[in-house]
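Participant: take this sequence and fold it.
(one chain, ligands or ions: 2)
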Amino acid sequence: MATDTLDVSATPSLLVERNPNPVDPATRAALIAEPGFGRVFTDHMAIIRYSDAKGWHDAKITARGPIPLDPAAAVLHYAQEIFEGMKAYHLADGGMALFRPEMNAKRFCDSARRLAMPEIPEKLFVDSVRQLVETDRDWFPPVEGGSLYLRPFMFASEVFLGVKPSAEYLYIVIASAVGGYFKSGAPAVSLWVSQDYTRAAPGGTGAVKCGGNYAASLAAQAEAIRKGFDQVVFLDAAERRYVEELGGMNLFFVFEDGSIQTPPLGGTILPGITRDSLLTLAREEGLTVREEPYAIDQWQADAESGRLKESFACGTAAVVTPVGKVTSPDFSFTIGDGGAGALTLRLKQRLVDIQRGVAPDPHHWVMRLD
Ligand code: PLP
Ligand code: COI
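Facilitator: Ligands and ions are numbered 1, 2, ... in the order given. The predicted structure follows:
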(Lines give C-alpha, C1' and ligand atoms only; values in the text may rest on other atoms or scores of the structure.)
(Ligands and ions follow the chains in the order given, each with its own letter.)
Protein backbone atom coordinates (compact mmCIF):
# COMPACT_ATOMS: atom_id res chain seq x y z
CA MET A 1 0.00 0.00 0.00
CA ALA A 2 1.40 3.37 -0.98
CA THR A 3 0.13 5.46 1.93
CA ASP A 4 3.36 5.26 3.92
CA THR A 5 4.97 8.64 3.70
CA LEU A 6 7.71 10.64 5.30
CA ASP A 7 5.84 13.89 4.66
CA VAL A 8 4.16 14.41 8.04
CA SER A 9 1.80 17.04 6.61
CA ALA A 10 0.41 14.80 3.87
CA THR A 11 -3.18 13.53 4.06
CA PRO A 12 -3.32 9.87 3.04
CA SER A 13 -6.46 8.41 1.52
CA LEU A 14 -8.10 5.33 2.98
CA LEU A 15 -7.72 1.96 1.37
CA VAL A 16 -10.90 -0.13 1.67
CA GLU A 17 -10.32 -3.81 2.56
CA ARG A 18 -13.72 -5.48 2.80
CA ASN A 19 -14.36 -7.85 5.69
CA PRO A 20 -14.15 -11.38 4.22
CA ASN A 21 -16.48 -12.69 6.97
CA PRO A 22 -19.24 -10.13 7.51
CA VAL A 23 -22.18 -10.90 9.80
CA ASP A 24 -24.77 -12.81 7.76
CA PRO A 25 -27.86 -10.79 6.74
CA ALA A 26 -30.34 -12.70 8.95
CA THR A 27 -28.19 -12.23 12.09
CA ARG A 28 -27.64 -8.57 11.22
CA ALA A 29 -31.39 -8.01 10.77
CA ALA A 30 -32.02 -9.54 14.21
CA LEU A 31 -29.29 -7.42 15.82
CA ILE A 32 -30.47 -4.11 14.39
CA ALA A 33 -34.17 -4.76 15.04
CA GLU A 34 -33.74 -3.71 18.68
CA PRO A 35 -30.23 -2.33 18.96
CA GLY A 36 -30.36 -0.31 22.21
CA PHE A 37 -27.25 1.83 22.56
CA GLY A 38 -23.61 0.90 22.00
CA ARG A 39 -23.73 -2.89 21.93
CA VAL A 40 -24.29 -3.72 18.24
CA PHE A 41 -21.26 -3.08 16.05
CA THR A 42 -20.82 -3.12 12.28
CA ASP A 43 -18.49 -5.23 10.12
CA HIS A 44 -15.71 -2.66 9.60
CA MET A 45 -13.59 -0.02 11.27
CA ALA A 46 -11.35 2.78 10.04
CA ILE A 47 -7.79 2.67 11.33
CA ILE A 48 -4.93 5.12 10.77
CA ARG A 49 -1.50 5.15 12.37
CA TYR A 50 0.54 8.13 13.41
CA SER A 51 4.17 8.36 14.39
CA ASP A 52 6.38 11.37 14.88
CA ALA A 53 8.68 9.91 12.24
CA LYS A 54 6.09 9.12 9.54
CA GLY A 55 3.12 11.36 10.29
CA TRP A 56 -0.32 9.91 9.40
CA HIS A 57 0.03 6.66 7.49
CA ASP A 58 -1.49 3.22 6.77
CA ALA A 59 -5.03 4.61 6.52
CA LYS A 60 -7.62 1.95 5.85
CA ILE A 61 -11.13 0.65 6.31
CA THR A 62 -10.78 -2.96 7.39
CA ALA A 63 -12.61 -5.77 9.21
CA ARG A 64 -13.59 -4.72 12.73
CA GLY A 65 -11.70 -6.78 15.27
CA PRO A 66 -9.42 -6.80 18.32
CA ILE A 67 -6.31 -4.62 18.22
CA PRO A 68 -3.04 -6.05 19.52
CA LEU A 69 -1.64 -3.79 22.24
CA ASP A 70 1.64 -4.08 24.10
CA PRO A 71 1.10 -4.05 27.89
CA ALA A 72 3.49 -1.10 28.10
CA ALA A 73 1.49 0.98 25.57
CA ALA A 74 1.38 4.46 27.08
CA VAL A 75 -2.45 4.75 27.01
CA LEU A 76 -2.78 1.88 29.49
CA HIS A 77 -0.74 3.79 32.06
CA TYR A 78 -1.26 7.51 31.54
CA ALA A 79 -4.65 7.59 29.78
CA GLN A 80 -3.58 9.66 26.79
CA GLU A 81 -6.84 9.03 24.91
CA ILE A 82 -9.50 11.18 23.25
CA PHE A 83 -12.73 10.42 21.39
CA GLU A 84 -15.70 11.87 19.54
CA GLY A 85 -19.37 10.93 19.33
CA MET A 86 -21.38 11.59 16.19
CA LYS A 87 -24.17 9.98 14.16
CA ALA A 88 -24.95 9.11 10.57
CA TYR A 89 -28.67 9.57 9.86
CA HIS A 90 -30.99 8.03 7.32
CA LEU A 91 -32.62 10.83 5.37
CA ALA A 92 -36.33 10.85 4.59
CA ASP A 93 -35.54 10.42 0.86
CA GLY A 94 -33.59 7.21 1.54
CA GLY A 95 -30.12 8.83 1.47
CA MET A 96 -27.78 9.11 4.42
CA ALA A 97 -25.91 11.99 5.99
CA LEU A 98 -23.58 13.20 8.70
CA PHE A 99 -24.48 16.21 10.87
CA ARG A 100 -21.84 18.97 11.19
CA PRO A 101 -18.91 16.51 11.02
CA GLU A 102 -16.41 19.36 10.67
CA MET A 103 -17.39 20.44 14.20
CA ASN A 104 -16.46 16.98 15.52
CA ALA A 105 -13.18 17.18 13.61
CA LYS A 106 -12.42 20.56 15.13
CA ARG A 107 -13.30 19.41 18.66
CA PHE A 108 -11.18 16.28 18.16
CA CYS A 109 -8.23 18.52 17.32
CA ASP A 110 -8.97 20.71 20.37
CA SER A 111 -8.93 17.54 22.49
CA ALA A 112 -5.70 16.39 20.81
CA ARG A 113 -3.92 19.67 21.57
CA ARG A 114 -5.03 19.58 25.22
CA LEU A 115 -3.66 16.04 25.63
CA ALA A 116 -0.42 16.80 23.74
CA MET A 117 -1.44 14.54 20.84
CA PRO A 118 -1.12 15.17 17.08
CA GLU A 119 -4.01 16.91 15.31
CA ILE A 120 -5.61 14.90 12.54
CA PRO A 121 -6.35 16.81 9.30
CA GLU A 122 -10.08 17.61 9.07
CA LYS A 123 -10.31 15.92 5.67
CA LEU A 124 -8.82 12.68 6.97
CA PHE A 125 -11.16 12.68 9.97
CA VAL A 126 -14.26 13.28 7.83
CA ASP A 127 -13.14 10.83 5.11
CA SER A 128 -12.57 8.08 7.68
CA VAL A 129 -16.06 8.50 9.13
CA ARG A 130 -17.70 8.91 5.77
CA GLN A 131 -16.07 5.86 4.20
CA LEU A 132 -16.90 3.70 7.20
CA VAL A 133 -20.58 4.65 6.96
CA GLU A 134 -20.62 4.05 3.21
CA THR A 135 -19.02 0.62 3.73
CA ASP A 136 -21.43 -0.36 6.53
CA ARG A 137 -24.58 1.22 5.07
CA ASP A 138 -26.57 -2.01 5.61
CA TRP A 139 -26.36 -1.56 9.38
CA PHE A 140 -28.83 1.35 9.82
CA PRO A 141 -31.43 0.09 12.31
CA PRO A 142 -34.98 0.24 10.94
CA VAL A 143 -36.33 1.72 14.20
CA GLU A 144 -37.71 5.12 15.22
CA GLY A 145 -34.73 7.43 15.84
CA GLY A 146 -32.32 4.72 14.65
CA SER A 147 -28.90 5.76 13.37
CA LEU A 148 -25.28 4.69 13.14
CA TYR A 149 -23.41 6.08 16.15
CA LEU A 150 -19.80 6.76 15.18
CA ARG A 151 -16.99 6.70 17.65
CA PRO A 152 -13.68 8.12 16.37
CA PHE A 153 -10.95 7.78 19.02
CA MET A 154 -7.18 8.03 19.32
CA PHE A 155 -4.76 6.73 21.89
CA ALA A 156 -1.06 6.63 22.73
CA SER A 157 0.46 3.38 21.48
CA GLU A 158 4.17 3.96 22.09
CA VAL A 159 5.73 1.20 24.20
CA PHE A 160 7.37 3.30 26.91
CA LEU A 161 6.74 3.95 30.61
CA GLY A 162 8.28 7.42 30.79
CA VAL A 163 5.72 10.18 31.38
CA LYS A 164 5.78 12.22 28.18
CA PRO A 165 3.61 12.62 25.07
CA SER A 166 3.69 9.39 23.11
CA ALA A 167 5.57 9.33 19.79
CA GLU A 168 3.02 6.90 18.27
CA TYR A 169 -0.79 6.84 18.11
CA LEU A 170 -3.61 4.78 16.72
CA TYR A 171 -6.72 6.54 15.39
CA ILE A 172 -9.75 4.29 14.93
CA VAL A 173 -13.42 4.78 14.05
CA ILE A 174 -16.00 2.16 14.98
CA ALA A 175 -19.72 2.29 14.21
CA SER A 176 -22.63 1.06 16.30
CA ALA A 177 -26.24 0.59 15.21
CA VAL A 178 -28.27 2.48 17.85
CA GLY A 179 -31.78 3.37 18.90
CA GLY A 180 -32.42 5.61 21.94
CA TYR A 181 -29.76 6.22 24.62
CA PHE A 182 -32.13 5.77 27.55
CA LYS A 183 -33.85 2.42 27.83
CA SER A 184 -36.49 3.35 30.38
CA GLY A 185 -38.85 4.93 27.84
CA ALA A 186 -39.96 7.37 30.58
CA PRO A 187 -41.00 10.83 29.35
CA ALA A 188 -38.25 12.54 31.36
CA VAL A 189 -35.03 11.64 33.20
CA SER A 190 -34.32 12.15 36.89
CA LEU A 191 -31.06 13.71 38.08
CA TRP A 192 -28.94 13.27 41.20
CA VAL A 193 -26.87 16.32 42.22
CA SER A 194 -23.37 15.16 43.11
CA GLN A 195 -22.07 16.85 46.24
CA ASP A 196 -18.98 14.70 46.77
CA TYR A 197 -17.61 14.72 43.25
CA THR A 198 -16.94 17.34 40.59
CA ARG A 199 -16.28 16.65 36.93
CA ALA A 200 -13.83 19.32 35.87
CA ALA A 201 -11.82 22.16 37.39
CA PRO A 202 -10.63 25.39 35.73
CA GLY A 203 -7.44 24.63 33.81
CA GLY A 204 -8.34 20.93 33.61
CA THR A 205 -9.75 18.91 30.73
CA GLY A 206 -13.50 19.52 31.12
CA ALA A 207 -13.83 21.32 27.77
CA VAL A 208 -12.40 18.43 25.76
CA LYS A 209 -13.44 14.84 25.17
CA CYS A 210 -10.84 12.65 26.80
CA GLY A 211 -11.64 9.25 28.28
CA GLY A 212 -10.27 10.37 31.65
CA ASN A 213 -13.18 12.79 32.13
CA TYR A 214 -15.61 9.91 31.82
CA ALA A 215 -13.59 7.60 34.06
CA ALA A 216 -13.66 10.32 36.71
CA SER A 217 -17.44 10.69 36.38
CA LEU A 218 -18.27 7.02 36.90
CA ALA A 219 -18.31 6.91 40.71
CA ALA A 220 -20.76 9.83 40.73
CA GLN A 221 -22.89 8.27 37.99
CA ALA A 222 -22.89 4.93 39.83
CA GLU A 223 -24.02 6.74 42.99
CA ALA A 224 -26.90 8.31 41.03
CA ILE A 225 -27.99 4.91 39.70
CA ARG A 226 -27.69 3.31 43.16
CA LYS A 227 -29.99 5.95 44.55
CA GLY A 228 -32.53 5.33 41.80
CA PHE A 229 -31.81 8.25 39.44
CA ASP A 230 -30.94 8.19 35.74
CA GLN A 231 -28.03 10.62 35.57
CA VAL A 232 -25.69 12.68 37.72
CA VAL A 233 -25.55 16.47 37.42
CA PHE A 234 -22.23 18.12 38.27
CA LEU A 235 -21.73 21.48 39.99
CA ASP A 236 -18.71 23.73 39.42
CA ALA A 237 -15.53 22.67 41.20
CA ALA A 238 -14.67 26.09 42.64
CA GLU A 239 -17.87 26.97 44.53
CA ARG A 240 -19.98 23.80 44.23
CA ARG A 241 -22.85 26.08 43.38
CA TYR A 242 -23.28 26.52 39.63
CA VAL A 243 -24.87 23.84 37.48
CA GLU A 244 -22.41 22.60 34.86
CA GLU A 245 -23.58 19.55 32.90
CA LEU A 246 -24.31 15.84 33.09
CA GLY A 247 -21.67 13.14 32.56
CA GLY A 248 -22.43 13.09 28.83
CA MET A 249 -24.92 15.88 28.06
CA ASN A 250 -25.33 19.66 28.26
CA LEU A 251 -28.26 21.26 30.12
CA PHE A 252 -30.84 23.88 29.17
CA PHE A 253 -33.45 25.76 31.24
CA VAL A 254 -36.73 27.18 29.86
CA PHE A 255 -38.53 30.02 31.71
CA GLU A 256 -42.12 31.17 31.86
CA ASP A 257 -41.30 34.32 29.87
CA GLY A 258 -40.21 32.03 27.00
CA SER A 259 -36.47 32.73 27.45
CA ILE A 260 -33.92 29.92 27.65
CA GLN A 261 -30.60 29.63 29.44
CA THR A 262 -27.62 27.28 29.40
CA PRO A 263 -24.33 27.35 31.32
CA PRO A 264 -21.57 29.28 29.50
CA LEU A 265 -18.53 27.61 27.90
CA GLY A 266 -16.01 28.62 30.52
CA GLY A 267 -13.50 25.81 29.97
CA THR A 268 -15.04 23.27 32.35
CA ILE A 269 -17.95 22.00 30.26
CA LEU A 270 -17.96 20.33 26.87
CA PRO A 271 -18.92 22.62 23.95
CA GLY A 272 -21.69 20.37 22.68
CA ILE A 273 -22.55 20.45 19.00
CA THR A 274 -26.19 19.76 19.89
CA ARG A 275 -26.01 22.68 22.37
CA ASP A 276 -24.64 24.98 19.66
CA SER A 277 -27.27 23.83 17.14
CA LEU A 278 -30.16 24.36 19.59
CA LEU A 279 -28.85 27.82 20.55
CA THR A 280 -28.79 28.73 16.86
CA LEU A 281 -32.34 27.43 16.29
CA ALA A 282 -33.67 29.20 19.40
CA ARG A 283 -32.08 32.53 18.43
CA GLU A 284 -33.54 32.19 14.94
CA GLU A 285 -36.99 31.76 16.48
CA GLY A 286 -36.47 35.08 18.23
CA LEU A 287 -36.23 33.54 21.70
CA THR A 288 -34.18 35.33 24.35
CA VAL A 289 -31.16 33.12 24.93
CA ARG A 290 -28.69 33.46 27.79
CA GLU A 291 -25.38 31.62 28.16
CA GLU A 292 -24.99 32.41 31.84
CA PRO A 293 -24.20 30.56 35.06
CA TYR A 294 -27.23 29.12 36.86
CA ALA A 295 -26.96 28.30 40.57
CA ILE A 296 -28.43 25.08 41.94
CA ASP A 297 -30.39 26.97 44.64
CA GLN A 298 -31.82 29.22 41.91
CA TRP A 299 -32.84 26.16 39.90
CA GLN A 300 -34.72 24.84 42.93
CA ALA A 301 -36.34 28.22 43.71
CA ASP A 302 -37.39 28.77 40.07
CA ALA A 303 -38.83 25.27 39.74
CA GLU A 304 -40.79 25.70 42.97
CA SER A 305 -42.10 29.17 42.11
CA GLY A 306 -43.08 28.12 38.59
CA ARG A 307 -40.72 30.68 36.97
CA LEU A 308 -38.88 27.71 35.47
CA LYS A 309 -41.12 25.70 33.17
CA GLU A 310 -38.81 23.12 31.57
CA SER A 311 -35.29 21.73 31.67
CA PHE A 312 -33.66 19.40 29.19
CA ALA A 313 -30.39 17.62 28.56
CA CYS A 314 -28.89 17.37 25.08
CA GLY A 315 -26.15 15.58 23.22
CA THR A 316 -25.53 13.39 20.21
CA ALA A 317 -26.41 10.18 22.00
CA ALA A 318 -29.28 11.58 24.09
CA VAL A 319 -30.58 14.02 21.39
CA VAL A 320 -32.94 16.20 23.52
CA THR A 321 -34.10 14.56 26.76
CA PRO A 322 -36.47 16.28 29.21
CA VAL A 323 -35.42 16.49 32.86
CA GLY A 324 -38.32 15.79 35.23
CA LYS A 325 -36.86 15.73 38.72
CA VAL A 326 -33.70 16.90 40.50
CA THR A 327 -32.60 15.51 43.88
CA SER A 328 -29.70 16.02 46.29
CA PRO A 329 -29.25 14.93 49.92
CA ASP A 330 -30.83 18.29 50.93
CA PHE A 331 -33.75 18.74 48.55
CA SER A 332 -35.80 17.34 45.72
CA PHE A 333 -37.83 19.27 43.17
CA THR A 334 -39.96 18.53 40.13
CA ILE A 335 -39.82 20.64 36.97
CA GLY A 336 -43.18 21.57 35.47
CA ASP A 337 -45.40 18.50 35.60
CA GLY A 338 -42.34 16.21 35.61
CA GLY A 339 -42.73 15.33 31.94
CA ALA A 340 -41.67 16.76 28.59
CA GLY A 341 -42.27 20.51 28.08
CA ALA A 342 -43.66 22.06 24.91
CA LEU A 343 -40.57 24.10 23.97
CA THR A 344 -38.30 21.12 24.65
CA LEU A 345 -40.34 19.00 22.26
CA ARG A 346 -40.49 21.73 19.61
CA LEU A 347 -36.73 22.36 19.61
CA LYS A 348 -36.09 18.62 19.48
CA GLN A 349 -38.42 18.23 16.50
CA ARG A 350 -36.78 21.13 14.66
CA LEU A 351 -33.34 19.60 15.16
CA VAL A 352 -34.39 16.07 14.21
CA ASP A 353 -36.22 17.35 11.11
CA ILE A 354 -33.02 19.01 9.88
CA GLN A 355 -30.94 15.94 10.70
CA ARG A 356 -33.36 13.71 8.76
CA GLY A 357 -33.57 16.04 5.78
CA VAL A 358 -37.28 16.76 6.43
CA ALA A 359 -36.80 20.51 7.08
CA PRO A 360 -34.68 23.04 5.14
CA ASP A 361 -31.03 23.25 6.16
CA PRO A 362 -30.08 26.93 5.83
CA HIS A 363 -26.79 26.51 7.72
CA HIS A 364 -25.59 23.56 5.60
CA TRP A 365 -25.27 21.37 8.68
CA VAL A 366 -26.20 18.18 6.82
CA MET A 367 -23.42 16.47 4.80
CA ARG A 368 -25.02 14.01 2.41
CA LEU A 369 -23.14 10.77 1.80
CA ASP A 370 -23.03 8.69 -1.40
N1 PLP B 1 -21.25 17.05 27.56
C2 PLP B 1 -20.56 15.91 27.65
C3 PLP B 1 -19.75 15.68 28.87
C4 PLP B 1 -20.60 14.96 26.62
O5 PLP B 1 -19.92 13.81 26.70
C6 PLP B 1 -21.40 15.23 25.48
C7 PLP B 1 -21.49 14.25 24.39
O8 PLP B 1 -20.64 14.19 23.57
C9 PLP B 1 -22.08 16.44 25.43
C10 PLP B 1 -21.99 17.32 26.48
C11 PLP B 1 -22.89 16.80 24.22
O12 PLP B 1 -22.06 17.06 23.11
P13 PLP B 1 -22.59 16.85 21.64
O14 PLP B 1 -23.85 17.61 21.53
O15 PLP B 1 -21.50 17.40 20.76
O16 PLP B 1 -22.78 15.40 21.46
C1 COI C 1 -22.27 11.46 22.87
O2 COI C 1 -23.36 11.99 23.06
O3 COI C 1 -21.86 11.24 21.74
C4 COI C 1 -21.39 11.09 23.97
O5 COI C 1 -20.22 10.92 23.74
C6 COI C 1 -21.95 10.86 25.29
C7 COI C 1 -21.65 9.49 25.79
C8 COI C 1 -22.01 9.47 27.22
C9 COI C 1 -22.39 8.43 25.05
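Participant: tell me which residues touch whichever residue of the stretch 1-150 of the chain sits closest to ligand 1, please.
Facilitator: Ligand 1 sits closest to Gly85 of the stretch 1-150 of the chain, with a gap of 4.4 Å, by CB to the nearest ligand atom. In short, each C-beta sits where N, CA and C put it, glycine included. By CB atoms under 8 Å, 6 or more residues apart in numbering, Gly85 lies in contact with 104, 149-151, 209, 315-317.
Participant: any idea how far it lies from Arg130?
Facilitator: As judged by CB to CB, to the nearest Å, Gly85 and Arg130 stand 16 Å apart.
Participant: tally of neighbours for Arg113?
Facilitator: Neighbourhood size, Arg113 [other CB atoms under 10 Å]: 13.
Participant: and the stretch 151-300 of the chain, which residues reach ligand 1?
Facilitator: 245, 248-250, 270, 272-275 (CB under 6 Å from any ligand atom).
Participant: mind running it again at 8 Å?
Facilitator: 199, 209, 213-214, 217, 245-250, 269-277 (CB under 8 Å from any ligand atom).
Participant: any of the residues you listed buried? List them.
Facilitator: Neighbour-count burial (16 or more other CB atoms under 10 Å) applied to these gives 199, 209, 213, 217, 245-250, 269-275, 277.
Participant: now, these that are in strands?
Facilitator: Among those, DSSP state E puts 245-246, 250 in strands.
Participant: Phe108: which of these is nearest?
Facilitator: Closest to Phe108 out of those is Asn250 (17.9 Å), distances taken as CB to CB.
Participant: and the gap between the closest one and ligand 2?
Facilitator: Note on Asn250: its distance to ligand 2, by CB to the nearest ligand atom, to the nearest Å, is 10 Å.
Participant: look up the closest residue to His77, ignoring the ones flanking it.
Facilitator: Leu161 (6.4 Å; CB to CB, 6 or more residues apart in numbering).
Participant: name the residues that touch stretch 117-126?
Facilitator: Among residues not part of stretch 117-126, those counted as contacts by CB under 8 Å, 6+ apart are 11-12, 48, 50, 56, 59, 80, 82, 98, 101-102, 104-106, 108-109, 111-113, 152, 154, 156, 165-166, 169, 171, 367.
Participant: what about burial for those, which qualify?
Facilitator: 11-12, 48, 50, 56, 59, 80, 82, 98, 101, 104-106, 108-109, 111-112, 152, 154, 156, 166, 169, 171, 367.
Participant: tell me the pLDDT at the spatially most central residue of the chain?
Facilitator: Centroid check for the chain by CA atoms, centre = their mean gives Gly85 as the closest residue, at 3.6 Å. Predicted confidence (pLDDT) at Gly85: the value is 98.
Participant: could you do Gly145 as well?
Facilitator: 82.
Participant: show me how the record splits this structure into domains.
Facilitator: Per automatic domain parsing, the domain ranges recorded for the chain read 15-178, 189-355.
Participant: can you put those in a markdown table and add distance to His363?
Facilitator: Formatted as a markdown table, the domains of the chain follow (distance: least, CB to CB, whole Å):
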| stretch | distance to His363 |
| --- | --- |
| domain 15-178 | 9 |
| domain 189-355 | 7 |
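Participant: nearest to Asp361, of those domains?
Facilitator: For the domains of the chain, the distance to Asp361 is smallest for domain 189-355, at 5.4 Å, taking CB to CB.
Participant: span of that closest one from start to end?
Facilitator: 23 Å (CA to CA, to the nearest Å).
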